[in-house]
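1. Curious how this folds, go ahead:
(2 chains)
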Amino acid sequence: MSSTLLEAHHIGKHFGGVSALRDVSLTIRTGEIYGLIGPNGAGKTTFFNCLTGLYVPDRGDFGFDGQLLAANAPHQAAQRGIARTFQNIRLFGNMSARENIMVGRHLRTRAGVLGAVLRDTRTRAEETAIARRADELLAYVGIADRADHLAKHLPYGDQRRLEIARALATEPRLLCLDEPAAGMNATETAELRVLIEGIRADGTTVLLIEHDVKLVMGLCDRVAVLDYGEKICEDIPSVVQKDPAVIEAYLGGSPDA
Amino acid sequence: METLLQQLINGLVQGSIYALVALGYTLVYGIMGLINFAHGEVVMIGALVALSVTGALTAAGLPLWLAGALGIAVAILTCMALGWSLERIAYRPLRHAPRLTPLITAIGMSIVLQNLAMMLWGRNYMQFPALFPKAAFSVGGAHFTAVQIIMVLTSAAMMIGLAFLVYRTRLGMAMRATAQNSQVAGLMGVNIDRVVAAAFVIGSALAAVAGVMVGAYYEIAHYQMGFMLGLKAFTAAVLGGIGNLGGAMAGGILLGLIEALGAGYIGDLTGGFLGSHYQDIFAFIVLIAVLVFRPAGLFGEKTGERA
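-> Okay, here's the model as predicted:
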């Protein structure tokens, strides 16, 4: 039995009169690929934003690796080992692909301004290591040849890969992917699937928001379904697919109708 | 021809001061979108602290060069602490407030610092110690002094140092990432509070150096000396494209040249009706012209990263 990595306890979040999340609890185990699906506006991205500290939930809290996560502290979430990508890509457009990843290494490196000026051996060793690690990550996601291109000049699919590489650079224990296959064609989606499986095989737990039901069902160990801010189902893909509530949420009617 | 060369030299010297101060404005604006109108007052505090410390140490029997060096060091450290405190006390609580709120606060901090300086140092003009050698040179009929050379070289060194910091260090990378998207930088593990504080501290150190140089150049210091200088440096930053480091440097030098040339020729152009004491109008003509015709500045992107 694998151990618990993330526990969401009764998360609630309102925007004015709209409740985006209502009493959502879920548990993610170490080493699994966990899918979070639901119709548009179901609260999936809001859940991500609460988890990564961009929003403060009105109710509930998150336990990560047995300890509470501080609310509203994005860089602490990153420090604890939670990294994410964005539904609408948010790279540092005017920095090169390599530099984007080096920002992600920020947390795991130490050298200060003094070291950069004095060029002592430790700083130089660290700089070499950062650059090497950045290139490794670029190769890992398959865009090694783009290292020196400005992020904003990369093709769309490569920008998505770069976002994943940047998130991996923070050495996360939980990688949260927000619709990574959005806008991708079938070939790119198939490559993405191999990449995500590789990430899990290398020891990182993955939380995946995705619209592509085929991808989710083929990839995830367990799936939770959100509808109007509530969790209506959580199980292995084959069970979720047959759940009447899920079918109703997606098709807007009962399966018998 | 002699006037032209002379005014180009004067403009370059004045412009290098504008550039140093403009960098402080643009650094803070680039990272958090705030125009820190109290920045000119940091320059003033730097000059006055250097003046007091140097004066006290020479009175205690230290040679002028040593007293001066210590005075500059204390001024830089004081201004760094001042910049850090300004951000911590006045601006950080307003980080998520509407944009007008911190702007008004900045103007308020400017008034507070001016009055504080007036209480500490008095209302009178004070003699600034002559920190740099007095040697004068003459080339092609134009005169310049060792002080001017030192000022231009110091400014250049500071700017190279800043460029190194921003483009070659881990802190600089965090600063650039924060300027482009602070939310995402935070999610990647960059501590935004520290990056913002660093921008204030670095800008204030540059301001302290500028204050000492202005004091040593005119050999005078006063609690209101930072106000006009701050406004003009702000103009220089806008001219270059606020938020853009290279723009602030170029805008500062350019503004210095425009002012110097304008002051040198305004008498001839208006048949003696307006004299060189009208030189201040040029900076503000430039500001208005930029805002009307090229609001993003010379080097600013039209759809600025921080529009």
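2. Just the helices from the stretch 151-300 of chain B, written as ranges.
-> Listed in chain order, the helices of the stretch 151-300 of chain B (DSSP state H, counting those that start in this stretch) span B:170-180, B:182-187, B:192-218, B:225-240, B:245-269, B:280-293.
3. ok and the fifth one relative to helix B:170-180, angle-wise?
-> Using axes from the mean of the first three to the mean of the last three C-alpha atoms, to 10 degrees, the interaxial angle of helix B:245-269 with respect to helix B:170-180 works out to 70 degrees.
4. And for the third one?
-> Here helix B:192-218 runs at 100 degrees with respect to helix B:170-180, directions being taken by the same axes, to 10 degrees.
5. And helix B:192-218, how far out from the chain middle?
-> The chain centroid and the centroid of helix B:192-218 are separated by 7 Å, computed with C-alpha atoms, centre = their mean, to the nearest Å.
6. low-confidence ranges in the stretch 51-200 of chain A?
-> For the stretch 51-200 of chain A, the stretches with pLDDT under 70 are A:110-118.
7. How about the residues of the stretch 51-200 of chain A by chain B?
-> Residues of the stretch 51-200 of chain A lying near chain B by C-beta under 8 Å from any C-beta of the partner chain: A:52-54, A:74-75, A:77-79, A:83-84, A:86, A:90-95, A:99, A:102-104, A:106-109, A:111-113, A:116-117, A:166-167, A:169-170. Every residue, glycine included, has its C-beta placed from N, CA and C.
8. Which of these fall in helices?
-> Those of those mapping onto helices are A:74-75, A:77-79, A:99, A:102-104, A:113, A:116-117, A:166-167, A:169, per DSSP state H.
9. burial count for the residue nearest to residue B:57 when sequence neighbours are not counted?
-> With C-beta to C-beta, 6 or more residues apart in numbering or on different chains as the criterion, residue B:57 has its nearest non-adjacent residue at 3.6 Å, and that residue is residue B:67. Using other C-beta atoms under 10 Å in any protein chain shown, residue B:67 is surrounded by 22 other residues.
10. if I look at residue B:67, how far off is chain A?
-> As judged by C-beta to the nearest C-beta, to the nearest Å, residue B:67 and chain A stand 27 Å apart.
11. what helix or strand is that residue on?
-> Residue B:67 is part of helix B:64-85, with elements assigned from DSSP states H and E.
12. Direction-wise, compare that helix with helix B:192-218 and give the angle.
-> Using the same axes, to 10 degrees: helix B:64-85 against helix B:192-218 is 140 degrees.
13. which strands and helices sit next to helix B:64-85?
-> helix B:39-59, helix B:192-218 (3 or more C-beta pairs under 8 Å, 6 or more residues apart in numbering or on different chains; DSSP states H and E).
14. which residues does residue 105 contact?
-> Chain wasn't specified; assuming chain A. A:130, A:133, A:134, A:169, A:170 (C-beta atoms under 8 Å, 6 or more residues apart in numbering or on different chains).
15. that's the other chain; I wanted chain B
-> Residues near residue B:105 by C-beta under 8 Å, 6+ apart: B:90, B:91, B:94.
16. Surely the second one and residue B:102 touch.
-> Which is residue B:91. Yes. The pair residue B:91 / residue B:102 is scored as a contact, 5.5 Å apart, by C-beta atoms under 8 Å.
17. Find residues that contact each of the two.
-> Common neighbours of residue B:91 and residue B:102 (C-beta under 8 Å, 6+ apart) are residue B:34.
18. Can I get the helices of the stretch 151-300 of chain B in TSV including mean pLDDT and mean neighbour count?
-> Output for the helices of the stretch 151-300 of chain B, formatted as TSV (pLDDT from 0 to 100; neighbours: other C-beta atoms under 10 Å in any protein chain shown):
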stretch	mean pLDDT	mean neighbour count
helix B:170-180	91	23
helix B:182-187	89	23
helix B:192-218	95	24
helix B:225-240	95	26
helix B:245-269	90	21
helix B:280-293	90	14
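19. For residue A:199, which of those is the nearest?
-> helix B:182-187 (17.7 Å; C-beta to C-beta).
20. Please enumerate the helices of the stretch 151-257 of chain A.
-> Under DSSP H, counting those that start in this stretch, the stretch 151-257 of chain A gives helices at A:156-169, A:186-201, A:213-219, A:237-242, A:244-251.
21. Can you give me the pLDDT of residue B:306?
-> Listed pLDDT for residue B:306 reads 43.
22. Does residue A:61 have any beta-bridge partners, and if so which?
-> residue A:9 (DSSP bridges).
23. How much space separates it from residue A:209?
-> Computed as C-beta to C-beta, to the nearest Å, the residue A:61 to residue A:209 distance reads 21 Å.
24. before we move on, what about residue B:139?
-> From residue B:139 to residue A:209 the distance is 69 Å (C-beta to C-beta).
25. Comparing the two, which shows the higher neighbour count?
-> residue A:209 (24 against 9).
26. quick one: the more buried one and residue A:46 touch, right?
-> No. Using C-beta under 8 Å as the test, residue A:209 is too far from residue A:46 to be in contact (10.7 Å).
27. residues of stretch A:50-66 that come out buried?
-> For stretch A:50-66, a neighbour-count test (16 or more other C-beta atoms under 10 Å in any protein chain shown) marks A:50, A:51, A:52, A:53, A:54, A:55, A:57, A:60, A:62, A:64, A:65 as buried.
28. Could you do stretch B:142-153 as well?
-> Of all the residues in stretch B:142-153, those buried under the rule 16+ other C-beta under 10 Å are B:142, B:144, B:145, B:147, B:148, B:149, B:150, B:151, B:152.
29. now stretch A:83-99
-> Judged by neighbour count (16+ other C-beta under 10 Å), stretch A:83-99 contains these buried residues: A:83-86, A:89-93, A:95-99.
30. farthest pair in the residues you listed?
-> Pairwise distances across the buried residues of stretch A:83-99 (C-beta to C-beta) peak at 21.5 Å, for the pair A:84 and A:96.
31. Residues of chain B that sit close to chain A?
-> Counting by C-beta under 8 Å from any C-beta, chain B comes close to chain A at B:164-165, B:168-171, B:173-174, B:176-177, B:180-181, B:183-192, B:305.
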